[in-house]
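S.K.: Prediction below, plus the sequence it came from.
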Amino acid sequence: MSPTAEADQVVPDYRPRFPAARGGVAILGCGQIAQSAHLPAYEQYGVGVVGVWSRRQATTAQVRHRFPFVQQVYPDVNALLEDPDVRIVDIATGPRGRMDWIEAAVSAGKHVLAQKPLTTTADGLARLVPLLERASALGLEIAVNQNARWAPTWRLGTQLIRAGAIGEVVGVTHLHDKPLPPLVGTPFDDVDHMLITDYLMHWLDISRCWLEGTEVQTVQANESRVPGQPPDSRNPWAASVSLTCSNGATSSLRIAGNVHTARPSCPFWVHGTQGTLRGSVLPGTDPLVLDRDGTLTPFALEGQWFVDGFAGTMGELMCAIDEGREPENSAAHVAASIRLMLAARVSVETGGVPVALDGLELSPVRGR
C-alpha cells in the first residue's frame, strides 16, 4: 500500500481572490441562477452590487428583501447601462441574445462578466473577434463565467498542473456519476444538443485548460437516448466527448444518463508523465489526491463549486482590471473552449466522425 503524506506543505492558492476595491457590479438578467449563485457568492465575498434588472418585474420583486446589500432594482436596462456607478455588468441571461447584451455593455463603457456558454453558434463566435478589438481599444475587459474553473478541486488541480506536480499531462478523464438536473419541460431541453452545448461546457473547458501547452487537433462526440428516458424529453441523456492533441495527449468525458446512486460524484483523473491527480468536482465526495513517487498526498479543501466558483470568476475579472492584465477567464481564452463545443456538435451531427480543429473551419476528418 502506498504511503500517505499530509498536504501541510505549501499549497497553491486555489481560493477566490479579490482586489481591495470590489464594488460597482450590476446584474443584467437577475433570474434563478443569479439569485441562487451570483448574489449569494457576492454577498459572501463582499462584492458591491449597485443594482439588478430583469425583463419581468416579478423576477426581481423579492431581490432586495432577500439580499439587502443590493442597492436597487433598475426600472429598465438603459438605467442600468447608463448608471455611472456601474463599472462591471454581470450578464446572467440565457445564451439567446447574449452577444447583443455584451455589445450594449461595451458600448456603454462597462467591463463584462458574461454567463456561459458565451455563445452557442459559430456566428456568435465570429462576432466576438471585432467585439474584443473594440473592447480592447476602450480599455475594457470581457470575461466569461466559467465558474467551475474555481470549483476548489478543479482550481487546485489547475494550480498543481501549472506547477508541474504531475509533469506533462498525458490524459484527462471525466465521468459524470450523478443524477441529471431536471430537464423535461425546462428551457434547457429546448437547446439543441443540450448536454454538449451547455451542461458539459464546464468539463470541456477545464479539460482544455489542463491540456494547455498542446493543441487540440480533433474532437469526436456521440449522444444517445437511454433506456427509461421520458418520451417527452427532447434531448438525449447520454453523451461522450473525446479530444486528441498534437502531442498525443487525450481527453475523455462520459455521461451515461440519469444516474441512480447513493453516492453521487463527478470523478476525474489527470495522468501525467510524473504523477496523477484524482478527485471529484462535487463537494463532500472524493478528495483531491496527488499520486507521485509512490506517495499519495490528499488535500483538505475549503469551499464548494456553488458558490465559490461564482466568486472566483468575478474576483479574477476584478483583479485583472485592477492589475491591468487580461483575466484568465477572458472571452478570448474561453473562445477556444467554444470551438471544442461547436466541433463536438458537428461530430454528433455527422454520426460521430472526428472533427478537425482548424481555425474556425469545423470540418469532419475523413478516412479514419
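M.R.: That came through, no problem.
S.K.: and the closest residue in space to residue 30 that isn't next to it in sequence, which of the three is it?
M.R.: Counting by Cβ to Cβ, 6 or more residues apart in numbering, residue 52 is the residue found nearest to residue 30 once chain neighbours are left out, at 3.9 Å. From N, CA and C alone the C-beta is placed, and that goes for glycine too. Three-state call for residue 52 (DSSP: H, G, I helix; E, B strand; the rest coil): strand.
S.K.: quick one, helices of the stretch 151-300 of the chain?
M.R.: In the stretch 151-300 of the chain, the segments counted as helices under DSSP state H, counting those that start in this stretch are 152-162, 194, 201-210.
S.K.: Identify the residues contacting the residue nearest to residue 30.
M.R.: By Cβ atoms under 8 Å, 6 or more residues apart in numbering, residue 52 lies in contact with 26-28, 30, 34, 60, 63, 70, 72-74.
S.K.: what do you get if the cut-off is 7 Å, keeping everything else the same?
M.R.: Residue 52 makes contacts with 26-27, 30, 60, 63, 70, 73, as judged by Cβ atoms under 7 Å, 6 or more residues apart in numbering.
S.K.: for residue 130, same thing?
M.R.: Per Cβ under 7 Å, 6+ apart, neighbours of residue 130: none.
S.K.: Give me the phi and psi angles of it.
M.R.: The phi and psi values for residue 130, taken as degrees, to the nearest 10, are phi -70, psi -30.
S.K.: any idea how far it lies from residue 103?
M.R.: The spacing between residue 130 and residue 103, counted by Cβ to Cβ, to the nearest Å, is 10 Å.
S.K.: And for residue 200?
M.R.: Residue 200 sits at a distance of 27 Å from residue 103 (criterion: Cβ to Cβ).
S.K.: do residue 348 as well
M.R.: On the measure of Cβ to Cβ, residue 348 and residue 103 end up 30 Å apart.
S.K.: Could you do residue 342 as well?
M.R.: Counting by Cβ to Cβ - residue 342 and residue 103 are separated by 20 Å.
S.K.: Neighbour count: these two, which is higher?
M.R.: Between residue 342 and residue 103, counted using other Cβ atoms under 10 Å, the more crowded position is residue 342 (24 against 16).
S.K.: I'd guess the more buried one is in a helix, am I close?
M.R.: Yes: the assignment for residue 342 by three-state DSSP puts it in a helix.
S.K.: in this protein, which residue is closest to the centre?
M.R.: For the chain, the residue nearest the mean C-alpha position is residue 146 (2.5 Å; Cα atoms, centre = their mean).
S.K.: List the contacts of residue 279.
M.R.: Residue 279 neighbours (Cβ under 7 Å, 6+ apart): 153, 157, 268, 286-289.
S.K.: Just give the closest residue to it, not the sequence neighbours.
M.R.: Nearest residue to residue 279 in three dimensions, chain neighbours excluded: residue 288, at 3.7 Å (Cβ to Cβ, 6+ apart).
S.K.: Residue 17 now?
M.R.: Per Cβ to Cβ, 6+ apart, closest to residue 17 is residue 315, 5.2 Å.
S.K.: Can you list the neighbours in contact with whatever helix or strand that neighbour lives in?
M.R.: Residue 315 belongs to helix 310-323 when assigned by DSSP states H and E. Applying Cβ under 7 Å, 6+ apart, the contact partners of helix 310-323 are 16-19, 22, 37-38, 41-42, 44-45, 47, 88, 111, 113, 141, 143, 145-147, 149-150, 155, 326-329.
S.K.: what about 8 Å?
M.R.: Contacts of helix 310-323 (Cβ under 8 Å, 6+ apart): 16-19, 21-22, 25, 37-38, 40-42, 44-45, 47, 87-88, 90, 111, 113, 141, 143-147, 149-150, 155, 326-330.
S.K.: Just those residues: which are in strands?
M.R.: 25, 88, 90, 111, 113, 143-145 (DSSP state E).
S.K.: coming back round to it: tell me the angle the helix holding residue 315 makes with helix 152-162.
M.R.: Here helix 310-323 runs at an angle of 50 degrees relative to helix 152-162 (axes from the mean of the first three to the mean of the last three Cα atoms, to 10 degrees).
S.K.: picking up where we left off before, write a PyMOL command that selects only the buried members of the contacts of helix 310-323.
M.R.: Here is the PyMOL selection string for the buried members of those, based on 16 or more other Cβ atoms under 10 Å:
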select buried, resi 16+18+22+25+37+38+40+41+42+45+47+87+88+90+111+113+141+143+144+145+146+147+149+150+155+327+328+329+330
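S.K.: hang on, the earlier thing: which among the contacts of residue 52 gets closest to residue 124?
M.R.: Nearest to residue 124 out of the contacts of residue 52 is residue 27 (Cβ to Cβ; 21.4 Å).
S.K.: Can you list the residue ranges for helices in the stretch 1-150 of the chain?
M.R.: 32-33, 39-44, 63-66, 77-82, 98-107, 122-137.
S.K.: now for the second one, which elements pack on it?
M.R.: It stands for helix 39-44. Contact partners of helix 39-44 among helices and strands, from 3 or more Cβ pairs under 8 Å, 6 or more residues apart in numbering; DSSP states H and E: helix 310-323.
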